[in-house]
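**Q** task: produce atomic coordinates for the following.
(one chain, ligands or ions: 1)
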Amino acid sequence: MALTNNAISFSSVGQTFLTGSGSVTALDGVTVTVAQHEFVAVLGPSGCGKSTLLRLTAGLMKPSKGTVSVFGKEVTMPRDDVGIVFQKPTLLPWANVEDNVVFPVRHKYGRVTTEDREQARTIIETVGLKGFEKRLPSELSGGMQQRVGIARALFLNPDILLMDEPFSALDALTRDAMGFELLRLWQASPKTVLFITHSIPEAALLADRILVLSERPGRIIADLQVPTARPRDESALRTPEMQDFSAELRSLLIRKEAA
Ligand SMILES: Nc1ncnc2c1ncn2[C@@H]1O[C@H](COP(=O)(O)OP(=O)(O)OP(=O)(O)O)[C@@H](O)[C@H]1O
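**A** Residues are numbered from 1 along each chain as shown. Take a look at the predicted model:
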């Protein structure tokens, strides 16, 4: 796939939060670019600032230092062209699947058109939930709920998809299936993906490239291309090349960085 321009760019970004007892520096000196349509996974210890990285990209907060740009423009407010999928699907419990998917439009414009509903039904079918449009979240399995969250993030056809441990609450089999489902969607409608995970195999299977963050304050300690070409299935993880790569990632993740 031709990688043309930069979709996301962090330049010397630092993020410090003021707390009741002082301050917490979540990110420090982060400089990185992500090309359009690249699939980048982010690995790092708990609390090292991975979610902060996503929130800054989405414009949900402004960095304390440095600049974050999307398609060459500094991010100064929440962006419409960015879809976010969280660890828990955060669906409206009283709204059916279709109403949950069209929620971004209702929230933004205060109304939902017939075309919006048609578009929602197409996306619901794309994520494998045809026939479940009128079901409530409580009537769906965890994997199905997460598909609704993905459909909602894809609904406005964002150029950038930010995923914060999207499959970590799912059982192992569903998680693997959802990963391959995501790759299918990504290949059918290319997007720039920033994907946070704690799972080395998940990162290695899905991503083009992996960023490894240090312990807090999060700094990028490695920026590595996944060495195996696509398409990949589970057997790709068993090659000597990928085993070495996974071992390298493991050793980076256990390396203690001074805070
Ligand atoms: N709004 C906030 N106010 C104060 N501290 C915050 C805020 N948001 C994040 N933090 C702190 O910043 C640090 C980084 O948080 P962040 O959620 O980005 O980490 P993470 O790498 O995504 O963690 P995890 O892997 O556990 O989800 C943490 O110590 C967190 O407590």
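**Q** when you work out contacts or count neighbours from here on, use the C-alpha atoms and nothing else.
**A** Noted.
**Q** packing partners for the helix or strand R55 falls within?
**A** Counting by DSSP states H and E, the secondary-structure element that holds R55 is helix 50-58. When contacts are defined as 3 or more CA pairs under 8 Å, 6 or more residues apart in numbering; DSSP states H and E, helix 50-58 sits against strand 22-35, strand 65-70, strand 160-164, strand 192-196.
**Q** of all those, which one comes closest to I124?
**A** Closest of the helices and strands packed on helix 50-58 to I124 is strand 160-164, at 16.9 Å (criterion: CA to CA).
**Q** and the helices and strands packed on helix 50-58: which comes nearest the ligand?
**A** Each of the helices and strands packed on helix 50-58 was scored for nearness to the ligand using CA to the nearest ligand atom, and the closest is strand 22-35 (4.4 Å).
**Q** for that closest one, packing partners?
**A** Counting contacts by 3+ CA pairs under 8 Å, 6+ apart, strand 22-35 is packed against strand 6-19, helix 50-58.
**Q** about what we covered before: what's the closest of the helices and strands packed on helix 50-58 to A222?
**A** A222 lies closest to strand 22-35 among the helices and strands packed on helix 50-58, at 10.8 Å (CA to CA).
**Q** hmm, that closest one in reach of the ligand?
**A** Yes: where contact is defined by CA under 6 Å from any ligand atom, part of strand 22-35 touches the ligand, namely A26.
**Q** now do that strand: everything it contacts.
**A** Under the criterion CA atoms under 8 Å, 6 or more residues apart in numbering, residues 3-18, 40, 47-49, 52-53, 192, 216-220 lie in contact with strand 22-35.
**Q** and those residues, which of them are buried?
**A** Under a neighbour-count criterion of 16 or more other CA atoms under 10 Å, the subset of the contacts of strand 22-35 counted as buried comprises 6-10, 12-15, 40, 48-49, 52-53, 192, 216-220.
**Q** just those residues that are near the ligand?
**A** Filtering these for proximity to the ligand (criterion: CA under 6 Å from any ligand atom) leaves 48-49, 52.
**Q** any residues of this protein in contact with the ligand? List them.
**A** Within reach of the ligand by CA under 6 Å from any ligand atom, the chain has these residues: 17, 19, 26, 45-52.
**Q** separation between the spatially closest residue to A204 that is not a sequence neighbour and L170?
**A** For A204, ignoring the flanking residues on the chain, the nearest one in space by CA to CA, 6 or more residues apart in numbering is V226 at 6.3 Å. Noted for V226: a distance of 24 Å to L170, by CA to CA, to the nearest Å.
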